[in-house]
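Engineer: Return atomic coordinates for the entry below.
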Amino acid sequence: MLLTIISFLIVLAILVFVHESGHLLAARHVGVRVQQFSIGFPPRMFGKKVGETEYVFSWIPLGGYVKLEGQNIEDENPNDPRNYASKTLLQRLYILVAGPVANLLLALAIMPLVFFVGVETPAYRLGPADIVSTAPGSLAENAGFQAGDRIVAVGEVETASWNDVFREVARQAVLGDNVTVLADRGGRRVPHSLSSTPLMAGKSIGWRPLIAPVAGSIAPDSAAEAAGMQPGDRIVGINGRPITRWDQIPREIQQGGGTPTAFAVERGGDTLHLQITPRPNPGTPKWIIGISPGRTTQRHGLVESVRLGTLRLWEITSATFVFLGRLLTGHGSIDAVGGPVKIAQYVGQAAQSGAANLLFLMAVISLQLGIFNLLPIPALDGGHIFMLAVELVKGSPLSAKLRERTQLIGFSLLIIMLLLVTYNDIVQIVS
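Structural biologist: Residues are numbered from 1 along each chain as shown. Okay, here's the model as predicted:
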């Protein structure tokens with residue numbers, strides 16, 4: 001929990017800093033006086049004034065702001081050359097788009113790093129998408145998937161590995177009400193349909209992949225290490241019973257009840273016989289020997305990383321706009337919109353799983369923060385931009401009273417949306 005909170009606050013602070021720095025630098029570039037730069041919303045925690053700008057950290061860590069002289073109605077002064085209201089429409093547009101663009105550029109800088117550094121994933125995800133079983137009552141069981149099925153396509157896209165399957169299911173869940181998944185079953189292709197709504201809400205599908213019984217890592221000072229087991233050993237038998245899948249290993253260990261267990265393992269073409277006495281797993285009624293499945297890291301060269309990173313961002317951007325369109329037309333579900341609680345949960349999980357996963361999530365959040373802020377919602381940058389468009393068409397600014405009311409309505413809508421998605425986050429986590 002502590003790691004989740006700290007990592008969430010750090011990631012959010014970085015993204016807000018980049019966004020607000022875009023506004024600040026653009027404002028200074030065109031000569032607007034910057035009164036305050038805040039990470040977080042009031043009440044004020046601490047700050048320091050440097051030159052004419054006060055730099056502040058505030059207690060509510062859900063965003064930030066740059067206070068420009070003249071951007072609020074009460075201090076507008078078109079006759080002051082350093083006042084926001086005195087700037088041309090193009091200069092004001094430049095200031096407004098600079099924040100979201102800064103987030104988009106950050107995403108564009110981070111995502112290639114993910115492919116360059118490499119994301120560590122379970123080794124099985126690079127192999128064929130073979131299903132061992134489905135969880136009782138899961139989406140997979142209800143859709144008709146069976147043990148022995150191999151997923152070969154999602155929609156019109158052929159899938160050669162679990163990585164392909166996971167990526168395409170996530171992408172196509174955004175595009176329609178249902179995702180069609182084709183499984184090879186005894187040489188014939190059987191279609192299955194998964195509803196997009198629970199997928200977008202983060203519900204697990206419940207299919208259990210085939211994982212080879214190969215030791216990926218051996219825990220230090222574990223029973224397996226003491227018996228001489230090594231990473232890369234393939235377990236082919238336990239107490240004389242053949243082993244062909246990883247899920248058979250813990251079942252055999254539990255049946256032994258902590259008694260010495262005979263393991264047959266293949267190593268370098270030879271079969272070795274090891275005697276391993278499982279140890280109790282603290283805090284649980286289970287027995288363990290201290291091994292885990294294989295993991296692998298895929299890395300790419302700099303040029304290929306830039307290509308893959310840019311392509312991935314384009315896919316996410318396209319899916320985001322499709323989802324927004326579906327939401328506006330009543331075909332999407334608000335349950336799929338993640339709020340602060342869900343984002344914090346994802347950031348905490350990413351922080352535990354490695355730097356590359358955390359960088360990937362940062363890039364995605366930064367991208368969507370940039371897109372969200374460009375939406376024509378009053379109180380957001382996009383709302384201000386929409387006002388500029390109205391001013392351009394009208395030939396003059398809207399009345400101060402109308403702008404003030406619009407901002408109040410927009411701010412109220414944002415608060416309601418924040419409360420709604422936060423409530424949904426909590427319900428989904430506890431359910």
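Engineer: buried residues in the helix or strand containing Ile235?
Structural biologist: Ile235 is located in strand 234-238, with elements delineated by DSSP states H and E. Judged by neighbour count using 16 or more other Cβ atoms under 10 Å, the buried positions of strand 234-238 are Ile235, Gly237, Ile238. No exception for glycine: its C-beta is placed from N, CA and C like everyone else's.
Engineer: For Gly228, give me its contacts.
Structural biologist: Counting by Cβ atoms under 8 Å, 6 or more residues apart in numbering, Gly228 touches Leu272, Leu274.
Engineer: For it, give me the pLDDT.
Structural biologist: The model reports Gly228 with a pLDDT of 94.
Engineer: again, but for the one 3 residues further on
Structural biologist: Pro231 is assigned 93 on the pLDDT scale.
Engineer: Check which helices and strands the strand holding Ile235 sits against.
Structural biologist: Contact here means 3 or more Cβ pairs under 8 Å, 6 or more residues apart in numbering; DSSP states H and E; on that basis strand 234-238 packs against helix 248-256, strand 261-267.
Engineer: just to revisit the earlier point, and the buried residues of strand 234-238, which is closest to Ile253?
Structural biologist: Nearest to Ile253 among the buried residues of strand 234-238: Ile238, at 7.6 Å, using Cβ to Cβ.
Engineer: ok, now how distant is the closest residue to Arg267 other than its chain neighbours from Arg28?
Structural biologist: Of all residues not flanking Arg267 in the chain, Asp233 sits nearest, at 5.3 Å (Cβ to Cβ, 6 or more residues apart in numbering). Separation of Asp233 from Arg28 (Cβ to Cβ, to the nearest Å): 62 Å.
Engineer: for Arg185, same thing?
Structural biologist: 64 Å.
Engineer: Could you check how far the strand or helix carrying Ile416 is from the centre of its chain?
Structural biologist: Assessed by DSSP H and E, Ile416 sits inside helix 400-430. With Cα atoms, centre = their mean, to the nearest Å as the basis, helix 400-430 stands 22 Å off its chain's centre.
Engineer: Same check on stretch 374-384?
Structural biologist: Going by Cα atoms, centre = their mean, where stretch 374-384 is centred and where its chain is centred differ by 24 Å.
Engineer: Equivalent analysis for stretch 167-184, please.
Structural biologist: For stretch 167-184, the distance to the chain centre is 18 Å (Cα atoms, centre = their mean).
Engineer: CA atoms of it as PDB?
Structural biologist: Provided in PDB are the C-alpha atoms of stretch 167-184 (Å, rounded to 0.1, in the frame of the first residue of the first chain):
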ATOM      1  CA  ARG A 167      -3.000  -6.800 -27.000                       C
ATOM      2  CA  GLU A 168      -5.800  -7.500 -29.500                       C
ATOM      3  CA  VAL A 169      -8.400  -8.200 -26.900                       C
ATOM      4  CA  ALA A 170      -7.600  -5.000 -25.100                       C
ATOM      5  CA  ARG A 171      -7.600  -3.000 -28.400                       C
ATOM      6  CA  GLN A 172     -10.800  -4.500 -29.800                       C
ATOM      7  CA  ALA A 173     -12.700  -4.200 -26.600                       C
ATOM      8  CA  VAL A 174     -12.600  -0.500 -27.200                       C
ATOM      9  CA  LEU A 175     -13.900  -0.700 -30.700                       C
ATOM     10  CA  GLY A 176     -17.200  -2.600 -30.300                       C
ATOM     11  CA  ASP A 177     -19.700  -4.200 -27.900                       C
ATOM     12  CA  ASN A 178     -18.200  -7.700 -28.300                       C
ATOM     13  CA  VAL A 179     -14.800  -9.200 -29.100                       C
ATOM     14  CA  THR A 180     -14.800 -12.300 -31.300                       C
ATOM     15  CA  VAL A 181     -12.100 -14.800 -30.500                       C
ATOM     16  CA  LEU A 182     -11.300 -17.800 -32.700                       C
ATOM     17  CA  ALA A 183     -10.000 -20.900 -31.000                       C
ATOM     18  CA  ASP A 184      -8.500 -23.900 -32.800                       C
END
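Engineer: I am finished for the moment; much appreciated.
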